[in-house]
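Asker: Mind folding the following:
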Amino acid sequence: MKKIILPSFLMFTISLFGQTNPAITNWLINTTGLTGRHYVNGNPTPIVDAVSANVQTVQYSASWVYVSTKGIPSYITGPFLDGNPSLATSQNAIFKISLNPVQNTGHPAMGNYHHHQNPSAFNLDLTVISNICDIYAADGLYAIDATQHSPLIGYSYDGFPIYGAYGYANTDGTGGITRIKSSYQLRNISTRTTYSTGATVTAGPAVSTTYPLGYFREDYEYISQAGQDYLDEHNGRFCKTPEYPNGIYCYFATVDANWNSAYPYVVGPTFYGTKTGAKVTSITETVTTYTSTSELSENTAVELKVFPNPTNDVLMVQLSNLIKENVTIKLVDLTGKV
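Answerer: Got it, this is the predicted structure:
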């Protein structure tokens, strides 16, 4: 296959306006009727579903934001090779999230569709450790970029934001961009009878080549680290970000040096904040519906990268921010051919 050589980046313009609270403004609202897609095991052609993707509406009051969604992302899901069904169905969910999160501790809630690992495509890792999904073209919520602060990719049930794998080296927003690191590491154990705290756990299989260290949660222990680029036991830190220039507690979707997902992946075994958010069936207070006024303009330049360069197979196009509108991109080669 013929190699394609591309410029290191392209530029186009976009201007974003709207509310100032990122918990209201930063949702991927579906305004075009986009539907989900999924893979069936053994079939590399995705099946188009009839369920609307991303978020349908965002409504808010002084204290809460209500996010209505079918629970289906715009990127392709599946196939699920561990016994789960290969079709995610509509959840018709309303997620209620605090606009004023406060510190506490608790256990993460489960039961809704959620990411277990960093939501970047597995085949963009620096070292790909599995080929089980090679026949399925993968994408994700974002592509990791070691040169830029990762985007805001979600919120936890305690109301605090979740970022991708990279952030500012120092919590005050200085020090350049670096990989934000988990402070969990593998324990030196051969049997699985306790957690690292000493608490008893239902005994799992002994450590072996079939069930190596890292296979279960009890295989990990939290070791506090001195660097500001290491996270606490909740997998977060208080820091400044592009969306929160005054600072806020943030979770990070952690990866290792090869960009493979690193335990505890997103939120640690416990929340940092009080779990006030929930999946609700209705909104029982007066709310305002958020309408994005984002629009393309010729005022602000936003970097767009095309990589790898050169390439002869997969070509990734990445914008410097999460863009919530349709964008038309034309790729022109060195001869001027579109």
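
Asker: If we go by neighbour counts, what in stretch 242-254 is buried?
Answerer: Within stretch 242-254, the residues that count as buried by 16 or more other C-beta atoms under 10 Å are 242, 243, 244, 248, 249, 250, 251, 252, 253, 254. For every residue, glycine as well, the C-beta is placed using N, CA and C.

Asker: gap between the fourth one and residue 39?
Answerer: With distances defined as C-beta to C-beta, to the nearest Å, the gap from residue 248 to residue 39 amounts to 36 Å.

Asker: and if you look at the fifth one?
Answerer: Between residue 249 and residue 39 the distance is 36 Å, computed by C-beta to C-beta.

Asker: now swap in the first one and tell me
Answerer: Plainly put, residue 242 is 33 Å away from residue 39 if you go by C-beta to C-beta.

Asker: do the same with the third one
Answerer: Remark: distance between residue 244 and residue 39 (C-beta to C-beta) = 36 Å.

Asker: what does stretch 99-106 contact?
Answerer: By C-beta atoms under 8 Å, 6 or more residues apart in numbering, the list of residues contacting stretch 99-106 from outside reads 21, 23-24, 60, 62-65, 158-160, 234, 249, 270-276.

Asker: Select from those residues every entry located in strands.
Answerer: 60, 64, 65, 249, 271, 272, 273 (DSSP state E).

Asker: Now flag whichever of these is closest to residue 315.
Answerer: Closest approach to residue 315 among these (C-beta to C-beta): residue 65, at 35.9 Å.

Asker: all strands for the stretch 1-150 of the chain, in order.
Answerer: If DSSP state E, counting those that start in this stretch is used as the criterion, the strands of the stretch 1-150 of the chain fall at 9-13, 35-40, 43-52, 55-60, 64-69, 93-98, 103-106.

Asker: what's the most buried one of those strands?
Answerer: With neighbours defined as mean count of other C-beta atoms under 10 Å, those peak in mean count at strand 64-69, which reaches a mean of 21.

Asker: in the protein, what spans have low per-residue confidence?
Answerer: Where the chain drops to pLDDT under 70, the residues are 1-19, 83-86, 105-116, 121-123, 293-303, 313-314, 319-326.

Asker: will you turn the strands of the stretch 1-150 of the chain into JSON lines that also has distance to residue 226?
Answerer: Output for the strands of the stretch 1-150 of the chain, formatted as JSON lines (distance: least, C-beta to C-beta, whole Å):
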{"stretch": "strand 9-13", "distance to residue 226": "35"}
{"stretch": "strand 35-40", "distance to residue 226": "43"}
{"stretch": "strand 43-52", "distance to residue 226": "45"}
{"stretch": "strand 55-60", "distance to residue 226": "39"}
{"stretch": "strand 64-69", "distance to residue 226": "36"}
{"stretch": "strand 93-98", "distance to residue 226": "31"}
{"stretch": "strand 103-106", "distance to residue 226": "22"}
